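Undergrad: need coordinates for the following:
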Amino acid sequence: MPFRRTAVIVTGLVSLAATAACGGAEPKPVAAVTPETKVSEGTVTTEAAPLAPLTGLPDTNGATKSRPALAVKIDNAPEARPQAGLDVADVVYEEVVEGGVTRFIAILHSAAPPAAGPVRSVRPMDPDILSAYHGLFAYSGGIPAFVSLMRKAPVQDVNVDVATDGYSWDKARRAPHNTFISPEKLWPKAKGDNAAPPQAMFDFRGTGEPFGDADAPHVSIRYSPRASATYDWDAASASWKRTQNGTPHVAASGAQIAPENVVVQFVTTRTLGYRDQSGTNVVESEVVGSGEAWLLSNGRVIKGKWSKPSPTAVTKYTDAAGNPVRLTAGRTWVHFAPVGSEVTAG
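TA: You can find the predicted model right below:
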């Protein structure tokens, strides 16, 4: 029997237009351990590659030890698709914005795609989402009050106005859905504490360690009449194939979005007095606090809780008994679903 929450209707109006796709292959992180051999006073020892903090996967080239997390605000309007970089991001957050549509924050760390985007504007919950990462945040514009909040957070601002040389514009796309960043140009701009690698955001289970309370090969998240996402467990690839608004969600690389873990974090939302350019009121999700969470991995689900006592704290996920939930090593997509959203898993 699938789990279900009560539906809520979110109304609003968004301007939609067709767009041209952009190409370009994007590298995948290495998922196999390559030992390193060291010789010391005649003794030969073999050490496993270090684990990337955000995925728990082996980092054979050591890149994750020498660069910070790079967060990128990515558009999710139809004319912004296919997006670049989402398929190789270590962590992706999906948040509801005005009009019932969603946007993403992609956390790039263990993989370095040639480009990521289209890049869009900051929202009021972004500082609370990103403060635990420190690192860099790339975005394009925003309401001044929200930009001010972001600049007070312990995250280095590398928006389009302060790090312009790290941005480019795709002439095949229509503004404002044509702005992209180069991770390789933004990472060297990191300074001080923001240049350090991020701390781990999730606990990962060991090989053969069981997961889940029940089988759940399919999960559906209906944010609003304008935005929905579904995932289907694919045992062959040990990943969740993502579909968006009824269509497979394919990145600019040609790969379908397919993380190893899916988290549905139920959050309280409130409508603010600020309006976006379309005249629609901005919505804020409360990501500091606690609430219900559904965690999906290995084709199974755990119904538990989330807790984040402060903006700089790591969000903790626990099962019904209060034990930490350990996910599968790999990429994780976190969905901030408004309380009352229709979500099913089973």
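
Undergrad: spatially nearest residue to A235, not counting backbone neighbours?
TA: Computed as C-beta to C-beta, 6 or more residues apart in numbering, the closest residue to A235 that is not its neighbour in sequence is G299, at 6.6 Å. C-beta: built from backbone N, CA, C; applies to glycine.

Undergrad: what segments of the stretch 151-300 of the chain are helices?
TA: 183-186 (DSSP state H, counting those that start in this stretch).

Undergrad: likewise for the stretch 1-150 of the chain?
TA: Secondary structure of the stretch 1-150 of the chain by DSSP H, counting those that start in this stretch: the helices cover 126-130, 144-152.

Undergrad: winner for burial among these?
TA: Highest mean neighbour count of the helices of the stretch 1-150 of the chain: helix 126-130, a mean of 24 (counted as mean count of other C-beta atoms under 10 Å).

Undergrad: just the C-alphas of that helix, formatted as PDB.
TA: Taking C-alpha atoms only, helix 126-130 is exported to PDB below (Å, rounded to 0.1, in the frame of the first residue of the first chain):
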ATOM      1  CA  ASP A 126      18.900  29.800  -0.100                       C
ATOM      2  CA  PRO A 127      21.200  31.200   2.700                       C
ATOM      3  CA  ASP A 128      19.700  28.700   5.200                       C
ATOM      4  CA  ILE A 129      20.100  25.800   2.800                       C
ATOM      5  CA  LEU A 130      23.800  26.700   2.000                       C
END
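
Undergrad: tell me the mean pLDDT for it?
TA: For helix 126-130, the mean per-residue pLDDT is 98.

Undergrad: cool, stretch 336-343 as well?
TA: Mean per-residue pLDDT for stretch 336-343: 97.

Undergrad: returning to that earlier point: state the distance from the residue nearest to A235 to F211.
TA: Distance of G299 to F211, computed by C-beta to C-beta, to the nearest Å: 9 Å.

Undergrad: beta partners of the residue nearest to the spatial centre of the chain?
TA: Centroid-nearest residue in the chain: V92, 0.8 Å away (criterion: C-alpha atoms, centre = their mean). Taking DSSP bridges, one finds A106, W333 as the beta-bridge partners of V92.

Undergrad: local confidence estimate at it?
TA: Model confidence at V92, given as pLDDT, is 99.

Undergrad: and the gap between E292 and I129?
TA: 18 Å.

Undergrad: next up, the contacts around the residue lying closest to Y139 once chain neighbours are set aside.
TA: Nearest non-adjacent residue to Y139, counting by C-beta to C-beta, 6+ apart: K73, 4.1 Å away. Applying C-beta atoms under 8 Å, 6 or more residues apart in numbering, we find K73 in contact with 103-105, 119-123, 126, 137-140.

Undergrad: narrow these to those that are buried.
TA: Taking 16 or more other C-beta atoms under 10 Å as the criterion, what is buried in these is 103-105, 119-123, 126, 137-140.

Undergrad: between those residues, which is nearest D165?
TA: Within these, the smallest distance to D165 is 12.4 Å, found for A138 (C-beta to C-beta).

Undergrad: the closest one against A69, yeah?
TA: No - A138 is beyond contact range of A69, at 11.2 Å (criterion: C-beta atoms under 8 Å).

Undergrad: export the helices of the stretch 1-150 of the chain to JSON lines and tack on distance to G62?
TA: Listed next are these as JSON lines, based on distance: least, C-beta to C-beta, whole Å:
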{"stretch": "helix 126-130", "distance to G62": "24"}
{"stretch": "helix 144-152", "distance to G62": "30"}
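
Undergrad: what's the closest of those helices to S341?
TA: Taking C-beta to C-beta, helix 126-130 is the member of the helices of the stretch 1-150 of the chain nearest to S341, at 18.1 Å.

Undergrad: what about the closest residue to K191 other than its chain neighbours, neighbour count?
TA: Distances taken as C-beta to C-beta, 6+ apart place Q156 nearest to K191, at 6.5 Å, with adjacent residues excluded. Residues near Q156, counting by other C-beta atoms under 10 Å, number 23.
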